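**Q** predicted structure and sequence below. I'll ask about it afterward.
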Amino acid sequence: MRDDVLSILPGECAVSRETLHDLLDGPVEAGRRTSLEAHLATCDECREVDDGLEAVRAGLRSLPETPFPAVALRQVWDRTVNAERERASAAPWRPRFVAAAALAASVALVALIISWSRGLPPAAVPAPGRLHAEQIEQVGREARQVLEVTAAALKRSEHAAIERVLGGEVSPAIRKIGIQWPETRSPADRRSKT
Amino acid sequence: MIATSGRRARIRASARRVIGVAIAAMLATGVAGAVDPEIAKLAGYVDGSSFAELSDPEGSRVEISLPGKILKPFCGALTNHDADLEVACGLEWIGAVILEFEEGTPNVERVRAMVEKTEKSLEAKGWERLAVVQEKDEIVRVLMLMSGEKVQGLVVLVVGADEIVFANIAGDIDMDQLGALADKMDIPGLEEIPD
């Protein structure tokens, strides 16, 4: 319809009316605005149209703000939020929630008991990817304790093996680990240095 | 009221199911003395939980269980904390039961029998007795499991006048690093090498 009207107008008027319509939607490029103002200064018909459009714009701006009708609001509310609530309440969500919470608590309890039964206090069970400084210290202390017991026992074994070598007896297992004589110093070495 | 009691009944039923699941989970994993199944599969792992049963209420009991999943990821932090723990970085398991007795080790015969039984059981599985060191007031036994040239497991059994120690490490055991750790220790009695 608008295109039909514009098609019968002279060229400059058609361009100006197009610009006037576009101005209803928002700002237009500065060049178009300048061309429109120049045309309105010389064309009474287009100026009348512009005045009429300005009256419409002014009228729209002066309309009071009417709140959304309460009835319409209730209908929208019932079809969206309340409908979702009704669907949720129709399902036995409460027992499920309680069961889920209890299951989570039970799993945590089982994990706690198992970790405790393994000799690790719960605090020493690391969360994935993290171990606190105190836990590092505890793990280090425990590891060192066992390693020292083992290392000391090996040292005693080595000591005993040296005595056996002196006595002409060597355990086959001792031979396998290959005692490093220069580092551990054989009794003969010790004797030669004393 | 009816609705409330119905809800309670559902909650009780849910709770029973949950408790059932929890008990089943506990039984499946085995609460007492349970270890990670992956650890139990290790060739060098030895279950020392039976030694914990020898504990005395008057004494002390320390149980140490450090799986590789704690040792390996935090190797850097552990070695920063204690450089001598480098040896722990290759291990899949560090475990121990350390019992101390106020009035001396009770049931010495029972303990000896248990130690000998453990030793025989391990030897039957390919472990080798590295040494039996008899000292004044204690006997130290060391058993080792080798795979080719690598040491995969070590067990130390100490039965003293007032203590029992079971220690087990498993994994890639670097004997040089353990030796270096031993060299740093002041081990009573070893400084006197008989002429």
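**A** Now that the structure is in, tell me what you want to look at.

**Q** where does residue 143 land on pLDDT?
**A** The chain I'm using is chain A. On the pLDDT scale, A:Ala143 is placed at 90.

**Q** try again with chain B
**A** Predicted confidence (pLDDT) for B:Leu143: 93.

**Q** list the contacts for B:Thr118?
**A** Contact analysis of B:Thr118 by CB atoms under 8 Å, 6 or more residues apart in numbering or on different chains lists B:46, B:50, B:155, B:157. C-beta: built from backbone N, CA, C; applies to glycine.

**Q** redo those residues as CSV? Include pLDDT, distance to chain A and secondary structure.
**A** Formatted as CSV, the contacts of B:Thr118 follow (pLDDT from 0 to 100; distance: CB to the nearest CB, whole Å; DSSP: H, G, I helix; E, B strand; the rest coil):
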residue, pLDDT, distance to chain A, secondary structure
B:Val46, 94, 12, coil
B:Ser50, 88, 14, helix
B:Val155, 95, 9, strand
B:Leu157, 93, 9, strand
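
**Q** can I get the buried part of these as one PyMOL selection?
**A** Buried members of the contacts of B:Thr118, defined by 16 or more other CB atoms under 10 Å in any protein chain shown, are picked up in PyMOL with:
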select buried, chain B and resi 46+155+157
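
**Q** from the contacts of B:Thr118, which single one is nearest B:Arg110?
**A** Minimum distance to B:Arg110 across the contacts of B:Thr118 is 11.2 Å, recorded for B:Ser50 (CB to CB).

**Q** from B:Asp137, how far out is the closest residue to that closest one other than its chain neighbours?
**A** Among residues not flanking B:Ser50 along the chain, B:Met114 sits closest, at 6.7 Å (CB to CB, 6 or more residues apart in numbering or on different chains). Using CB to CB, to the nearest Å, we find B:Met114 at a distance of 19 Å from B:Asp137.

**Q** on that earlier part again, remind me which helix or strand the residue nearest to B:Ser50 belongs to.
**A** Counting by DSSP states H and E, the element that carries B:Met114 is helix B:108-124.

**Q** tell me the contacts of A:Glu12?
**A** A:Glu12 neighbours (CB under 8 Å, 6+ apart): A:39, A:43.

**Q** buried residues of the helix or strand hosting it, list them for me.
**A** Taking DSSP H and E as the criterion, A:Glu12 maps to helix A:11-25. For helix A:11-25, the neighbour count (16+ other CB under 10 Å) marks A:13-20, A:23 as buried.

**Q** what's the following helix or strand after the lowest-mean-pLDDT helix or strand in chain B?
**A** The weakest-scoring helix or strand in chain B, judged by mean pLDDT, DSSP states H and E, is helix B:2-29 (a mean of 48). Next helix or strand after helix B:2-29 toward the C-terminus (DSSP H and E): helix B:37-40.

**Q** how many other residues sit next to the nearest residue to B:Arg112 once chain neighbours are set aside?
**A** Closest residue to B:Arg112 apart from its sequence neighbours, by CB to CB, 6+ apart: B:Val159 at 6.7 Å. When neighbours are defined as other CB atoms under 10 Å in any protein chain shown, B:Val159 has 19 of them.

**Q** one step back: ok, the buried residues of helix A:11-25 vs chain B, which is closest?
**A** Relative to chain B, the closest of the buried residues of helix A:11-25 is A:Leu23; by CB to the nearest CB it sits at 64.6 Å.

**Q** tell me the SS of B:Asp56?
**A** Using DSSP: H, G, I helix; E, B strand; the rest coil, the secondary structure recorded for B:Asp56 is coil.

**Q** contacts only, for it.
**A** B:99, B:101-103, B:106.

**Q** show me which pair in these is furthest apart.
**A** Farthest pair in the contacts of B:Asp56 (CB to CB) is B:Leu99 and B:Glu103. Separation: 12.6 Å.

**Q** in stretch A:47-60, which residues are buried?
**A** Neighbour counts over stretch A:47-60 (16+ other CB under 10 Å) mark A:49-50 as buried.

**Q** average pLDDT for it?
**A** Average pLDDT, stretch A:47-60: 78.
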